[in-house]
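Novice: fold the following.
(one chain, ligands or ions: 1)
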Amino acid sequence: MVLRHSAKTPYFSLNKAMNCPQCHSDALKVIDSRNAETEPAIRRRRECESCGYRFTTYERIGVPDLRVIKKDGRREAYDRSKLTRGIWRAVEKRPVADADIEGLVTQVEHDLRNTGESEISSDRIGEIVMQHLKELDDIAYIRFASVYRSFEDLGELQREVAKTMKSSTTTKT
Ligand SMILES: [Zn+2]
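Specialist: Numbers count the residues shown, from 1 in each chain. Predicted coordinates:
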């Protein structure tokens, strides 16, 4: 389930100043708010208090304020585009649609929110990505795993490949 970015359904990031599209007043009130469980966004009906104009906004939920603990112990702010780039590298030349990657990142963010943690290790994020990537594309999964899990030796990588092939019920080519 992926919400595509379009002119009709603009995303607004959280905490971003918002103005009436009609008169540019910032005196807006929310008249209805909905968070469909399957959608990575909050839909809000808003009304301008100056001119009465009503419009709908979609706010990406994302993972606000999450900090990532890197392997060397340093912390950095969670970055959706960085995660997306890592997944892009793994799926390179694989038959995976852009929308699938966006969907995967959204699922990962959903899981990250569900941990309830404010800090999470990059290893843990890698594991979550792998879980979802496994369902999407076997080759991409192995590529991602070989980078993030840094297999001890070829034997370990081989065992993981064998396991993946065994558990794979659908073959995508
Ligand atoms: Zn207005």
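Novice: other SSEs contacting the helix ranked longest in the chain?
Specialist: If you go by DSSP state H, the chain has its longest helix at helix 98-115. Packing partners of helix 98-115 (3 or more Cβ pairs under 8 Å, 6 or more residues apart in numbering; DSSP states H and E): helix 80-91, helix 122-136. Quick note: C-beta positions are derived from backbone N, CA and C, even for glycine.
Novice: ok, which of those helices comes nearest Arg143?
Specialist: Judged by Cβ to Cβ, the one of the helices and strands packed on helix 98-115 that comes nearest to Arg143 is helix 80-91, at 4.4 Å.
Novice: what comes up buried for the closest one?
Specialist: Across helix 80-91, burial judged by 16 or more other Cβ atoms under 10 Å covers Leu83, Gly86, Ile87, Ala90, Val91.
Novice: next, the angle from it to helix 98-115.
Specialist: Per axes from the mean of the first three to the mean of the last three Cα atoms, to 10 degrees, the angle that helix 80-91 makes with helix 98-115 is 130 degrees.
Novice: just the C-alphas of stretch 21-35, formatted as CSV.
Specialist: Provided in CSV are the C-alpha atoms of stretch 21-35 (Å, rounded to 0.1, in the frame of the first residue of the first chain):
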residue,chain,number,x,y,z
PRO,A,21,-3.7,27.7,-0.2
GLN,A,22,-6.3,30.4,-0.9
CYS,A,23,-5.4,33.5,1.3
HIS,A,24,-2.1,32.2,2.8
SER,A,25,-3.3,32.8,6.3
ASP,A,26,-1.7,30.5,8.9
ALA,A,27,-4.8,30.6,11.1
LEU,A,28,-5.9,27.1,10.3
LYS,A,29,-8.0,24.6,12.3
VAL,A,30,-8.2,20.9,11.9
ILE,A,31,-11.8,19.8,11.4
ASP,A,32,-11.2,16.1,10.9
SER,A,33,-8.2,13.8,11.4
ARG,A,34,-7.8,10.2,10.3
ASN,A,35,-5.0,7.7,10.4
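Novice: is the ion contacted by it?
Specialist: Yes: looking at stretch 21-35 against the ion by Cβ under 5 Å from the ion, the contacts come from Gln22, Cys23, Ser25.
Novice: point me to the helix or strand that includes Val161.
Specialist: Here Val161 sits within helix 154-167, counting by DSSP states H and E.
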